[in-house]
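Trainee: this is a predicted model, with the sequence first.
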Amino acid sequence: MKIRLLKDKVIGTGMLTFSILSVSMVLLIGIGLYWRSLPILQNYSVWELISADTWRPLKGSFGFFPFIMGTLWVTGMSIVIAIPLCLLTAIYLSEYAPTRFKSIFLPMINMLAGIPPVIYGVWGVFFVVPIVQRYIAPFFVDFSTGFTVLAGSVVLAVMIFPLIVSIVVEVLQTIPKELREASLSLGATKWETIKKVILRKAMPGIIAAVVLAVSRAFGETIAVLMVCGNVPISPKSIFDPAYPLPALLANNFGEMMSVPLYDAALMFSALLLFVIILIFNVISRMILQKISIRNA
Amino acid sequence: MRRRKIEEFIFKGLMIASTVVVGLSLFLIIGTVVVKGLPYLNWDMLTKTPDGGYYFGRSGGVLNAIIGSVYIAGGATVLGMIISLPVSIYLNIYLKKENRFARLAKLSFDVLFGIPSIVYGAFAFSLMVYLGVRASLLGGVIAVTLLVIPIMVRTLDEVIIQVPKELKEAVLSLGTTRWEMAKIYFRQIRAGLLTAVLLAFGRGVGDVAAVMFTAGFSDNIPTSLNEPAATLPLAIFFQLSSPIPEVQGRAYASALILSIFILIIVTLSTLLTNKRRKNS
């Protein structure tokens, strides 16, 4: 009898140790990145780093402003493209579409979510960039290589489609049938019910989905690296190239060791990404946990 | 009255249009890769390592990258499972649902799931510097393991939750310890374990930002943990940035190989999940 209890205890303690270790990974990542970026934080204030706009590591000027703006432009545009498309799709799937269609479409969307980022990048280079260069940019600007904010945000938008659609469909399905029936019985059309009852009720979940999508777009690396052009100047329009933070990190990691502070500067950009995405994720997960959705 | 109907009609049209756009994007991506990659796909791509001058258009293939990816993703999946399985058993079976630590832990894994792979790459790289490990197969495995742990824990969570609660109560009421109960659960979740393995493996094979600085790149198939290893996504990236059309074509062919690989994995895991949901 005692041996059984002892076994239970010993194994339990072992598993608890594993759990604590892996949970503390959040902290460890934060501490690790902070520790590695200390050299630059001792020389410049955080505000100096994120507001200065010249990036010349060899001369010791580390301005992250162009990269932050690049990230904001690309992420912002991708959200602008994705939100209306995804919301309409999700509403259609959950309210109008026949069940059979839904049961084919959702796994398909799931497949889209599984495609690796580098494939999106390949698609961007071959498909999106030339279209922007030849058919869209000429209407607005004199010359464009196609490697622009617009190309990056189209690729990112497609990448976050599955995330938003699947969460919003799930959110819409948690809304009680009685609400719909009450509204319909008052003479509202189906669309009016959706607009005035369902969407209003689903708002927290939709916001959580969007915040989650923003943070996904924020940290996406290889696909944006391949299509955004990577010029370290703040973009002025969607037809300018951009150089988002993750791309900066990915492009320079190998060669950074020899230049003083360069390594710390890049680690600082990783820390910046980590902190922003951490905050976004905690917010949206708390909302989603509250409405008990967790499969996203 | 008519305005209301017209508004509904317009929005319904917009919804169908959006659904078509979203659905089409999948086919557009796969279509692009197939159309561009198929003409360059040949047996050599799959069975040979790059010959001298491969990156200038000479003969060879990407076997080094295929094997490298499989090694890294495989190693990370095994390590990840060794860590994730005890964690999710502990959180779901040892602890009660309302337990504060369990809830905090689940939130952390959700958050870790959202952390981009480039951050894992950067963190693993600092870890390697600290431990004195060079860019190698081992480094890649470490980085990808960190990346797949949250994926596996979350998948296992979902699987364990689906086991009927009555089982837990019935078993406990017979006077078993929690560990004995965990062993009984284990039999129920075997199919779910496979789903977790597939998802983690797929992510590990497809990811590039985490292995970029941790695994290095090499034209040879690694023979030990200390040697640098090529990965398929990174091979695609390098070949695509070449100005030589032949090499670019091979990038598309490599992308096709990767896509087929991933689609098989995703399809398998979807089928498994559907089967499980039907059973429960």
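Mentor: Arrived safely, thanks for sending.

Trainee: so what pLDDT did residue 264 get?
Mentor: Here I'm looking at chain A. We note a pLDDT of 87 for A:Ala264 in this prediction.

Trainee: look at chain B instead
Mentor: Note for B:Ile264: predicted pLDDT of 93.

Trainee: tell me what the helix or strand it falls within is packed against?
Mentor: Element membership for B:Ile264 (DSSP states H and E) is helix B:245-279. Contacts defined by 3 or more CB pairs under 8 Å, 6 or more residues apart in numbering or on different chains; DSSP states H and E place helix B:245-279 against helix A:99-114, helix A:117-123, helix B:2-37, helix B:43-47, helix B:190-206, helix B:232-240. No exception for glycine: its C-beta is placed from N, CA and C like everyone else's.

Trainee: check whether the lengthiest helix in chain A comes near chain B.
Mentor: Among the segments of chain A that qualify as a helix by DSSP state H, the longest is helix A:262-290. Yes. Contact of helix A:262-290 with chain B (CB under 8 Å from any CB of the partner chain) involves A:266-267, A:270, A:273-274, A:277-278, A:280-282, A:285-286, A:289.

Trainee: return the set of buried residues in the helix holding B:Ile264.
Mentor: Taking 16 or more other CB atoms under 10 Å in any protein chain shown as the basis for neighbour counts, the residues of helix B:245-279 that come out buried are B:247-259, B:261-262, B:265-266, B:269-270, B:272-273, B:276.

Trainee: now swap in stretch B:152-168 and tell me
Mentor: For stretch B:152-168, using 16+ other CB under 10 Å, the buried residues are B:Met152, B:Val153, B:Arg154, B:Thr155, B:Leu156, B:Asp157, B:Glu158, B:Val159, B:Ile160, B:Val163, B:Lys168.

Trainee: report the lowest-confidence entry in those residues.
Mentor: Sorting these by confidence puts B:Lys168 at the bottom, with a pLDDT of 81.

Trainee: let me see the contact set for it.
Mentor: Taking CB atoms under 8 Å, 6 or more residues apart in numbering or on different chains as the criterion, B:Lys168 is in contact with B:Ile93, B:Met181, B:Tyr185.

Trainee: would a markdown table of the residues you listed with pLDDT be doable?
Mentor: Compiled in a markdown table, the contacts of B:Lys168 are given as follows (pLDDT from 0 to 100):
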| residue | pLDDT |
| --- | --- |
| B:Ile93 | 85 |
| B:Met181 | 84 |
| B:Tyr185 | 85 |
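
Trainee: show the buried residues in these.
Mentor: The neighbour-count criterion (16+ other CB under 10 Å) marks B:Ile93, B:Met181, B:Tyr185 among the contacts of B:Lys168 as buried.

Trainee: leaving out the residues flanking it, which one is nearest to the first one?
Mentor: I take that to be B:Ile93. On the basis of CB to CB, 6 or more residues apart in numbering or on different chains, the spatially nearest residue to B:Ile93 that is not a chain neighbour turns out to be B:Ala182, at 5.0 Å.

Trainee: and A:Leu6, how many neighbours?
Mentor: Here the count is done by other CB atoms under 10 Å in any protein chain shown, and A:Leu6 has 11 residues near it.

Trainee: any weak-confidence spans in the stretch 151-296 of chain A?
Mentor: Along the stretch 151-296 of chain A, segments meeting pLDDT under 70 span A:254-258, A:260, A:293-296.

Trainee: spell out which parts of it neighbour chain B.
Mentor: By the criterion of CB under 8 Å from any CB, the positions of the stretch 151-296 of chain A lying close to chain B are A:158, A:161, A:165, A:189-192, A:212, A:215-216, A:218-222, A:226, A:246, A:249-250, A:253-254, A:266-267, A:270, A:273-274, A:277-278, A:280-282, A:285-286, A:289, A:294-295.
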